[in-house]
Structures are given as C-alpha cells and as structure tokens.
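Engineer: heads up, no residue letters with this:
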C-alpha cells in the first residue's frame, strides 16, 4: 500500500486515478445530476470460500467535493483481511450542485446496491459494516438510525448495516454550524441529525475522535455515546488527546492511522466480521 501512496502526485485527478487503480469502479446510481460511483477493492480469491464481510466508507468534506481517496488505505487494509471494501462517492456540491439530503439518499442506495449484487462480489448481505468521516460519518449513521417505518426496504433491499466505524463524526446538525448551513433548512437538518434519532436496537458503533477537534466537537460525540449506551446500545469511543479533526488520516499521521485501523480491526474481529489474524503491515 505504501508504494502506491508514495509515488503519486500530491494533488489532482491524476493522483486520484493512481490511488484508485487497484479498485474496480462501478456506477451504482444514475441521478439527474449525473452518475454516482463506488470504488470496490476485492480480496484475493474473492469468489472462493464463504461470502465475505463488506466494509463501506463515506469520505468527509461536508458533502462538498468528492474525495473517495481518503479511505483507500483503509480499504486496502480490509481487503487484505479478506473483506470486500468500498470507497464510496455520493453526490456533492462541487460536482452535482447538491447537499446532504441527496448524499443521504445515495448512501442508502449504495448499501442496497451492494446487497442486490451480493452474489457478484461474494459478499454476505448480513455482514455489512459502514464507516465514514465527519459528514460521511453522518451518512453512515443515517443508514442505520431511523426507525423502520421511516426507512423501509426498497424492492426488498434494506440499507441497514450490522456495525459502524466512525471517524471525527458529525452527530449533531441541529446547532448552527458549518454543517447545518448545508441543509435546506433547520427543520430538515434536525430530521437528519443523528442526535435526534437515538433509540434502542442500533448496531454496535466504534467512534474515533480527537479531543481538540474544532469542526466536529468531541463533547458532542461524548454526549451522543452516553445517550446510545443509556438506550442499551453498544458504543465505544476512543479519544485522542490534542488531536484535531484530521488526526486519523494516513497522510496526516501514520501512527494514528495505525492505531485506529488496528482498533477497528479488533472491533470487527470481536463481533465476527473478520477472522482473527495479524493486521496487515502498512509500513
């Protein structure tokens, strides 16, 4: 993995193409504003053996610019561990002139698309893990948290994951903020704010968050986690002292990337999504 990340240009579309070259890219939805893609990383011999766990990541950026390469290092790790891994794109402001509402629809439809194509990728539709960063974490949460009547299956396909892994998560869109301003209005922001959707019987969640995060404040996630546990849900919060919003990214801190990816690996092993084994060496 490091050989890929070290030899590409630091910015631009050429860099993205290089980093994504090990992925198979699919159009999972044709929208009025254009096609929406997902970049799928397959483990070796994916079609042999039992169906695989699928791990999907939604990038950060508050639904503005498409940056699916953010989670390529994570996808390469989990593909090396035998899972199907997906670096997801959704509609964005810069490319499609859209906001979080459309991105939420895309996130849910991507999970349904993966389940529809479970045989193609040899993935287990009952072992879906969804992750994300910042606004992408909000998308991940909104594939899971609404009540069944508010998010029924479409054509028999559900979008709900079995576990969540979240980085620098945006969990409260009800307060005036950079994130809330991206919604059409305050009422829509409240309806789509994870903070208003806490209930029982949610999937297990693992949060990684910097205590010096000024964009998605640590205190919001800490309160959110307490409420989840109060309602009987499994929620783990791993905090990082003096760490800011982007602390976990491979190109920001190799050490924090390793700590978070190994903790996420253990979290998924403990819950039966991955088989025990030594995490891949990313050095």
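Structural biologist: That came through fine. From a predicted model like this one, the values you see are computed outputs, not experimental measurements.
Engineer: Name the residues of the longest strand seen in the chain that come out as buried.
Structural biologist: Identified as the longest strand of the chain according to DSSP state E is strand 123-133. For strand 123-133, burial by neighbour count (16 or more other C-beta atoms under 10 Å) applies to 123-125, 127-133. Where you see a C-beta, it was placed from the backbone N, CA and C, and this is true even at glycine.
Engineer: Direction included, what does it pair up with?
Structural biologist: strand 52-58 (parallel), strand 163-167 (parallel) (DSSP bridges).
Engineer: Can you add distance to residue 146, mean neighbour count and mean pLDDT and give those back as JSON lines?
Structural biologist: Shown next, in JSON lines, are the strands paired with strand 123-133 (distance: least, C-beta to C-beta, whole Å; neighbours: other C-beta atoms under 10 Å; pLDDT from 0 to 100):
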{"stretch": "strand 52-58", "distance to residue 146": "16", "mean neighbour count": "27", "mean pLDDT": "98"}
{"stretch": "strand 163-167", "distance to residue 146": "14", "mean neighbour count": "26", "mean pLDDT": "98"}
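Engineer: can you redo these as a markdown table with distance to residue 228?
Structural biologist: Below are these laid out as a markdown table (distance: least, C-beta to C-beta, whole Å):
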| stretch | distance to residue 228 |
| --- | --- |
| strand 52-58 | 19 |
| strand 163-167 | 10 |
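Engineer: on that earlier part again, of the buried residues of strand 123-133, which is the nearest to residue 174?
Structural biologist: The closest of the buried residues of strand 123-133 to residue 174 turns out to be residue 132 (C-beta to C-beta; 19.2 Å).
Engineer: Could you pull up the residues touching that closest one?
Structural biologist: Counting by C-beta atoms under 8 Å, 6 or more residues apart in numbering, residue 132 touches 57-60, 138-140, 166-167, 169.
Engineer: which residues of the stretch 51-200 of the chain score low on pLDDT?
Structural biologist: Scanning the stretch 51-200 of the chain for pLDDT under 70 picks out no residues.
Engineer: Please repeat the previous calculation with a cut-off of 90.
Structural biologist: 175-181 (pLDDT under 90).
Engineer: Can you give me the neighbour number for residue 35?
Structural biologist: 13 (other C-beta atoms under 10 Å).
Engineer: Okay, buried residues for the host helix or strand of it please.
Structural biologist: Using DSSP states H and E, residue 35 sits in strand 34-41. Buried residues in strand 34-41, defined by neighbour count with 16+ other C-beta under 10 Å: 36-41.
Engineer: Note down every partner strand of that strand and its orientation.
Structural biologist: If you go by DSSP bridges, strand 34-41 pairs up with strand 24-31 (antiparallel), strand 84-88 (antiparallel).
Engineer: could you give me the average pLDDT of it?
Structural biologist: Mean pLDDT, strand 34-41: 97.
Engineer: same deal with stretch 233-252?
Structural biologist: Mean per-residue pLDDT for stretch 233-252: 97.
Engineer: so how far is that stretch off the chain centroid?
Structural biologist: 14 Å (C-alpha atoms, centre = their mean, to the nearest Å).
Engineer: swap in stretch 115-125?
Structural biologist: 18 Å.
Engineer: re the thing from before, closest to residue 202 among the buried residues of strand 123-133?
Structural biologist: Nearest to residue 202 out of the buried residues of strand 123-133 is residue 130 (C-beta to C-beta; 12.2 Å).
Engineer: list the contacts for residue 237?
Structural biologist: Residue 237 neighbours (C-beta under 8 Å, 6+ apart): 207, 209, 221-222, 225.
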